[in-house]
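*Asks:* make a model of this:
(one chain, ligands or ions: 2)
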Amino acid sequence: MQRESAERAARVGIVGAGQLARMTLQSAIALGVDVHLLATSPDESAARVCANVSLGAPASYEALAALAEACDAVTFDHELVDVGVLRRLEQAGRCIRPSAETMAVAQNKGLQRARFAALGLPVPAFQPVGTARDLVDFGEREGWPVVAKAQRGGYDGRGVWVLADAATARDLAARAIPAGVELLAEAWVPVDRELAVLIARRPGGDAVTYPLVETVQIEGICRELLAPAPVSGAIEAEARRIGLRIADGIGATGILAVELFLAKGRLLINELAARPHNSGHFSIEGCVTSQFENHLRAVLDWPLGSTALRAPSVATVNLIPGPNGWDPLRHLPEALGVEGVSVHLYQKGFRPGRKLGHVTALGDDPAETRARARRAAELLAGPLPPESHQPSAISHQRGAADA
Ligand SMILES: Nc1ncnc2c1ncn2[C@@H]1O[C@H](COP(=O)(O)OP(=O)(O)OP(=O)(O)O)[C@@H](O)[C@H]1O
Ligand SMILES: [Mg+2]
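*Replies:* Residues are numbered from 1 along each chain as shown. Ligands and ions are numbered 1, 2, ... in the order given. All right, here's what the predicted structure looks like:
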C-alpha cells in the first residue's frame, strides 16, 4: 500500500503562459512544486505542457482570485495585469509576489525612471510628455536625437522611437498621442554595450545577484547573451550594487532584471522587469541555480541558490528567424549535432521576427563558445546578423507606424 505524504506540494500560480512560465515549470518539476497557470489560450507555450491551466484574462479579478485561492503564491509571466486587481487581492490577504506596488513600477517606464532617479541612481535625462510641444522642447533642451518610448506595453523595441529632429518628433506625437500612447522622452545615449544584471530577492530582503551579462541588441531586440560581460570588475560590482539597490527600493520579490547601458565608461539604467527575463536565459545551463529556480525559491520564501557560473564562458543566442529564416523544427536534428549546445524550443507558432527559442553553449574561450552557439542557432532558424557591438543601432523612427 502506498503511504500518503503528510506534506502537500507547494503551489504557485502564474499569470500568463508564455515561454517564461514554461521554463519556470521546468524548475518547478525538479522541486516538486505544483504550478497552476492562468492562460488566455490552451495553445500558449506553457499551457501546452502544464496539467493545471485555467483560461481567463490576466486583468480579470475573478480569474486571479480563483488562481490565488488555489495557490500559496501568485506570480507573473508578463506585466499586462491590472494593478488595482492585484491591490484588491492583497487586501483580501492573498499572496501576490512580486507585490502590486512592484508590478505598478514594472509596467510603467515613466514610473521606473522616476524611482531610479529618486534612489539617486544614474539615468539618462527623461521627461513624460503629453504634447508635441513638450517633446520638441525636450529635444531642443537636451539635444537631438531623442528617444521616445511608450510608457507601457512595449517589448522587443516596439514602442521605442529614435527621433532625429523636431519634424520627426511632431510626426510621432501626431500619431501616438491621439492613439492614447503615453510617451516618455529620454536623451539618446551613445551606448557602447548593453548589459543586464539579475537579482533574486526573498520577501524579507535576502538577495543574490547573477553575474553581469552583455545583451547584444539589434533593432531593439535582444539577440545574444554573453556571460560574464566583458567589462572591468569595477563595472560589474557597480552593476550588482545598482541592481540590489533597485530591488530593495521597489521591494521586489522573485527575479528582478535590470537593463543597463555602458556609455563612455559609465553605467546608466535603462529599464527593469520584475520577473524572469530573456537576459537570464544563460543561467539555465550557465549557473548553478537558474533564474527560474531562484524565482520560484524567492516567491515561496525558500533559501536562494548559488548564482555562480558553471563555466568560464557562457553564450546564449535567441532563435528569431529573419525574413529568410525558417521554423527551428525543420533542422532540429542537425543542430543537435553541434557538440555541447543546449536547445530550448518554446513551441510557439513560426513567424519571422518572433522569439521561438534559444540555444546556450558553455566553454573556456568566449569567442569559441559564442561561435558554437551561433552555429547551432543558424542551423535552427537561419542566418544571423553579423556579430555586432553596436547595440544602440535602432533605426530612426522605428515602429512609428505601429503607434
Ligand atoms: N535612451 C536610449 N538611448 C539609446 N538607445 C536606447 C535608449 N533607450 C532604448 N534604447 C535602445 O532600444 C532598445 C529597446 O528599449 P527598451 O529596453 O526601453 O524597450 P523594450 O522594447 O521595452 O525592450 P524589452 O524587449 O527589453 O522589453 C534598448 O535595448 C536599446 O538598444
Ligand atoms: Mg528593454
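
*Asks:* mean confidence score for stretch 191-206?
*Replies:* Regarding stretch 191-206, the rounded mean pLDDT is 98.

*Asks:* that one and ligand 1, any residue contact?
*Replies:* Yes. Stretch 191-206 comes into contact with ligand 1 (C-beta under 6 Å from any ligand atom), by way of 191, 194. For the C-beta atoms, the positions are set from N, CA and C on the backbone; glycine is no exception.

*Asks:* dump that stretch to CSV, restricted to CA.
*Replies:* What follows is stretch 191-206, C-alpha atoms only, in CSV (Å, rounded to 0.1, in the frame of the first residue of the first chain):
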residue,chain,number,x,y,z
VAL,A,191,25.8,53.1,-26.0
ASP,A,192,29.0,51.1,-26.1
ARG,A,193,27.5,48.0,-24.7
GLU,A,194,24.1,46.9,-23.2
LEU,A,195,24.3,44.9,-20.1
ALA,A,196,21.8,43.2,-17.7
VAL,A,197,22.0,42.3,-14.0
LEU,A,198,19.6,39.9,-12.4
ILE,A,199,18.7,39.8,-8.8
ALA,A,200,16.7,37.2,-6.9
ARG,A,201,15.2,38.6,-3.7
ARG,A,202,13.1,37.0,-0.9
PRO,A,203,10.3,38.8,0.7
GLY,A,204,12.4,39.5,3.8
GLY,A,205,15.1,41.1,1.7
ASP,A,206,17.7,38.3,1.3
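
*Asks:* sort out which residues of it are buried, please.
*Replies:* For stretch 191-206, the neighbour count (16 or more other C-beta atoms under 10 Å) marks 191-203 as buried.

*Asks:* farthest-apart pair in the residues you listed, please.
*Replies:* Across the buried residues of stretch 191-206, the longest distance by C-beta to C-beta is 36.5 Å; it joins 192 and 203.

*Asks:* related to what we said a few turns ago, the buried residues of stretch 191-206 in strands, which ones?
*Replies:* Counting by DSSP state E, the part of the buried residues of stretch 191-206 found in strands is 193-201.

*Asks:* tell me where the stretch 301-403 of the chain has strands.
*Replies:* Here the stretch 301-403 of the chain has its strands, by DSSP state E, counting those that start in this stretch, at 313-319, 341-345, 357-363.

*Asks:* let me have the buried residues of stretch 191-206 in TSV, adding distance to residue 7 as columns.
*Replies:* Formatted as TSV, the buried residues of stretch 191-206 follow (distance: C-beta to C-beta, whole Å):
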residue	distance to residue 7
191	49
192	51
193	47
194	44
195	41
196	37
197	35
198	30
199	30
200	24
201	26
202	21
203	21
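
*Asks:* could you list every residue that touches the residue nearest to the spatial centre of the chain?
*Replies:* When C-alpha atoms, centre = their mean is applied to the chain, the residue found nearest the centroid is residue 277 (3.1 Å). Contacts here follow C-beta atoms under 8 Å, 6 or more residues apart in numbering; on that basis residue 277 touches 20, 196, 198, 255, 257, 291.

*Asks:* how about those, which pair is most distant?
*Replies:* 20 and 196 (14.7 Å).

*Asks:* flag every residue of the chain that's near ligand 1.
*Replies:* Taking C-beta under 6 Å from any ligand atom as the contact definition, the chain meets ligand 1 at 124, 147, 149, 154-160, 186, 188-189, 191, 194, 217, 220, 259, 270-271, 391-392, 394.

*Asks:* ok, now with 8 Å
*Replies:* Counting by C-beta under 8 Å from any ligand atom, the residues of the chain lying close to ligand 1 are 109, 124, 147, 149, 154-160, 162, 186-191, 194, 215, 217, 220-222, 259, 261, 270-271, 273, 277-279, 391-394.

*Asks:* give me the buried subset of the residues you listed.
*Replies:* Buried among the residues of the chain next to ligand 1 (16+ other C-beta under 10 Å): 109, 124, 147, 149, 154, 156-157, 159-160, 162, 186-189, 191, 194, 215, 217, 220-222, 259, 261, 270, 273, 277-279, 391-392, 394.

*Asks:* what ranges do the helices span in the stretch 201-350 of the chain?
*Replies:* 233-249, 283-286, 291-299, 332-336 (DSSP state H, counting those that start in this stretch).

*Asks:* how about low-confidence regions in the chain?
*Replies:* 1-5, 388-403 (pLDDT under 70).

*Asks:* mind running it again at 90?
*Replies:* Applying pLDDT under 90 to the chain flags residues 1-7, 153-158, 219-220, 387-403.

*Asks:* thinking again about what came up before, okay, and which of the residues of the chain next to ligand 1 map to strands?
*Replies:* 147, 149, 160, 162, 186-187, 194, 215, 217, 221-222, 259, 261, 270-271, 273.

*Asks:* got a list of what the residue in the stretch 1-150 of the chain positioned nearest to ligand 1 touches?
*Replies:* For the stretch 1-150 of the chain, the residue closest to ligand 1 is residue 147, as judged by C-beta to the nearest ligand atom, at 4.0 Å. Residue 147 sits next to 124, 160-163, 185-189 when contact means C-beta under 8 Å, 6+ apart.

*Asks:* tell me the spacing between it and residue 31.
*Replies:* Note on residue 147: its distance to residue 31, by C-beta to C-beta, to the nearest Å, is 41 Å.

*Asks:* next one: residue 118
*Replies:* Where residue 31 is concerned, residue 118 sits at a distance of 37 Å (C-beta to C-beta).

*Asks:* and the two? Which one has more around it.
*Replies:* residue 31 (14 against 9; other C-beta atoms under 10 Å).

*Asks:* report the contact partners of the more buried one.
*Replies:* 10, 293, 296-297.

*Asks:* rewinding a little: in TSV, list the ones in strands among the buried residues of stretch 191-206 along with distance to residue 343.
*Replies:* Below are those laid out as TSV (distance: C-beta to C-beta, whole Å):
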residue	distance to residue 343
193	27
194	25
195	25
196	22
197	26
198	22
199	28
200	25
201	30
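
*Asks:* which among the residues you listed gets closest to ligand 1?
*Replies:* residue 194 (5.5 Å).
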